[in-house]
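# Show me how the following folds:
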Amino acid sequence: MPGVYYIVRYTDHWEVISATEQATSLLGYTPEEIYIMSCNFFERIIHPEDFARLHEQKSNSFQEGKLFVTEYRVYDKFKSLKYVRDQYTCFKDTDGTWLMEGYLSEVLQGSIRDRLIQQLRAYRDAVDVNMISSITDTKGKIVYANENFCKISKYPMWELVGKNHRIVNSGHHTREFFETLWNTISQGKLWQGEILNKAKDGTLYWVDTVIIPIFDEERKIANYLSLRMPIDDRKDAEVHRQKYIHLLEKIAFIVAHDVRGPLCSILGLASTLQLPDNTPEETEKAIRFLGDAARRLNEITQKLSLFVYEHEIEMKVKSYKE
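Alright, predicted model coming up:
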């Protein structure tokens, strides 16, 4: 099929100022119709998922004499989806504005799909090395699980495929938690959160999870892609942190309520002993009270030291075992 030569001017938007008659064969629009829609023609025909990428790419390609090549999807006048290759170059007009001259031609759908499949396989291989991944159908049935999923769940591939993700449900999360998850992804939105799963042998493991809807060409959800990263170390660190905070709060309570009383008594009695008009009886009484307060403070200090030591040993032993 013949291609379309075009020229657009760029100021704060793209304005089509020239298009050849072949536009009718490729896109269904005559050059005159294109000129009428000049300022929003490309925005109208380019697939919404490709428009932002293409607009950014073309806006950053102002360089005279260099040939740029890109491929994207367009809708013709009759709403048929086509795959096109756009070869263009940029130059400045006499008034200093940028012009873009290009050649738009249709690409066989199969060739683009072949390249996309190759790219997706490369992405999948990269993901499989580093992450836990799976693909489900729209009802949640697993149709693919990578090796990392099998390792952490301790289920072989044949036991996972065809099953629902409930096979690794730990029972930790509420029904409302999963209802929110499914409501989000069924609306075509990404969901991210932390999930506690259970392996085949009963061991529990936390995963940071992202679930991404996969759309077909008609923008209908065909599958869901789940990507997960184990986060047991992070969750354990959070538990230890909370325990240390609780320990510090207990220590602060003991200091505030038990230590302060005897300490205030000692300071007050020490001030009393410094008075010049104390009688021997008053001095002896103050010294006796001072000794009692010191003994109480010593007992509390020993109890506090033992409390800190026992909890510190307990935390260290647990960390060592883990």
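# Show me which positions of the helix or strand containing residue 17 end up buried.
Taking DSSP states H and E as the definition, one finds residue 17 inside strand 14-19. For strand 14-19, the neighbour count (16 or more other CB atoms under 10 Å) marks 14-16, 19 as buried. For the C-beta atoms, the positions are set from N, CA and C on the backbone; glycine is no exception.
# Where does the prediction get shaky in the stretch 51-200 of the chain?
Regions of the stretch 51-200 of the chain meeting the criterion pLDDT under 70 cover residues 64, 109-124.
# For it, which segments count as helices?
Remark: helices assigned in the stretch 51-200 of the chain by DSSP state H, counting those that start in this stretch are 109-130, 147-153, 157-160, 175-186.
# which strands and helices sit next to the third one?
In this case it means helix 157-160. If you count contacts as 3 or more CB pairs under 8 Å, 6 or more residues apart in numbering; DSSP states H and E, helix 157-160 packs onto strand 142-145, helix 147-153.
# Of all these, which one is nearest residue 4?
The minimum distance between residue 4 and these falls on strand 142-145, with 40.5 Å, by CB to CB.
# coming back round to it: what pairs with the strand holding residue 17, parallel or antiparallel?
Strand pairing for strand 14-19, using DSSP bridges, gives strand 4-10 (antiparallel).
# mean confidence for the partner strand?
What strand 4-10 shows for mean pLDDT is 86.
# Distance to residue 89 and mean neighbour count for the helices and strands packed on helix 157-160 - can I get that in TSV?
Listed next are the helices and strands packed on helix 157-160 as TSV, based on distance: least, CB to CB, whole Å; neighbours: other CB atoms under 10 Å:
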stretch	distance to residue 89	mean neighbour count
strand 142-145	43	19
helix 147-153	46	17
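# Including distance to residue 29, could those go into CSV?
Shown next, in CSV, are those (distance: least, CB to CB, whole Å):
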stretch, distance to residue 29
strand 142-145, 41
helix 147-153, 48
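# Could you list every helix and strand in contact with the helix or strand that the strand holding residue 17 is followed by?
Scanning forward in sequence from strand 14-19 by DSSP H and E, the next helix or strand is helix 23-27. Helices and strands touching helix 23-27, by 3+ CB pairs under 8 Å, 6+ apart, are strand 4-10, helix 31-36, strand 98-106.
# can you give me the strands in the chain?
4-10, 14-19, 68-75, 81-92, 98-106, 132-136, 142-145, 191-198, 204-215, 221-230 (DSSP state E).
# Neighbouring strands - and their directions - for the shortest one?
In the sheet, strand 142-145 lines up against strand 132-136 (antiparallel) (DSSP bridges).
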